[in-house]
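# Coordinates only, no sequence provided:
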């Protein structure tokens with residue numbers, strides 16, 4: 001909880017230079033790179049394509065979040081091994097509204113996976129599947145996103161925990177109108 005009203009309205013300054021610097025930091029540290037790739041299963045090509053990096057000051061991996069036009073709108077920061085609820089953080093002042101990531105991965109037609117984490121979406125994409133995740137956690141599906149899936153066959157695959165089960169049902173109900181079909185996958 002912010003100590004002052006100023007802290008409550010503070011907004012971290014995002015810029016492409018930071019994103020490039022964080023990405024360069026990750027790619028130039030063989031130990032850090034190897035441990036992250038081993039833990040998350042991502043390749044160097046995927047890390048480069050999505051500019052995944054490492055913020056040494058916060059000791060967190062960075063995931064740039066962009067809008068449809070490619071503008072940087074948030075940076076999610078991931079800490080391996082953190083307790084549930086502490087793994088991902090938004091750049092200060094940029095977490096609301098939550099967004100679909102990566103929005104550019106949505107096909108006009110065909111199958112698309114909706115998963116419960118940005119890094120899960122990347123591993124799906126890396127393996128040839130269209131996939132997205134919300135940036136707000138399992139329970140924060142935004143009904144306005146559902147129109148983005150018009151005509152798609154959607155496969156909702158959230159984590160097998162309480163938030164995942166509740167969130168997948170919420171997303172599926174919302175998607176049922178515009179999507180061609182919706183399937184909630186059992187973990």
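Received it, and whenever you're ready, just let me know what you need. None of the values given here were measured: they were computed from a predicted structure. Numbers count the residues shown, from 1 in each chain.

# what's the longest helix anywhere in the chain packed up against?
Of all the elements of type helix in the chain, the one with the most residues (DSSP state H) is helix 162-175. Packing partners of helix 162-175 (3 or more C-beta pairs under 8 Å, 6 or more residues apart in numbering; DSSP states H and E): strand 152-157, strand 181-184. The C-beta positions use only the backbone N, C-alpha and C, and glycine is treated the same way.

# what stretches of the chain score poorly on pLDDT?
Applying pLDDT under 70 to the chain flags residues 1-9, 187.

# switch the cut-off to 50
Counting by pLDDT under 50, the chain has low-confidence residues at 1-2, 7.

# Go ahead and flag the most central residue of it.
residue 118 (2.5 Å; C-alpha atoms, centre = their mean).

# Do I have it right that it meets residue 62?
No. In terms of C-beta atoms under 8 Å, residue 118 does not count as a neighbour of residue 62; the distance is 10.5 Å.

# Common neighbours of the two, please.
Residues touching both residue 118 and residue 62 (C-beta atoms under 8 Å, 6 or more residues apart in numbering): 76, 78.

# re earlier: now do the residue nearest to the centre of the chain against residue 109, distance only.
Residue 118 sits 24 Å away from residue 109, going by C-beta to C-beta, to the nearest Å.

# Now do the strands in the chain.
53-55, 60-66, 72-78, 88-90, 100-101, 110-115, 131-134, 152-157, 181-184 (DSSP state E).

# between the third one and strand 60-66, how many degrees?
To tie it back to what came earlier, the one meant is strand 72-78. Per axes from the mean of the first three to the mean of the last three C-alpha atoms, to 10 degrees, the angle that strand 72-78 makes with strand 60-66 is 150 degrees.

# Can you give me the distance of residue 90 to residue 116?
Distance, residue 90 to residue 116, by C-beta to C-beta: 16 Å.

# more crowded one of those two?
Neighbour totals were compared for residue 90 and residue 116, and residue 116 leads with 21 against 17 (other C-beta atoms under 10 Å).
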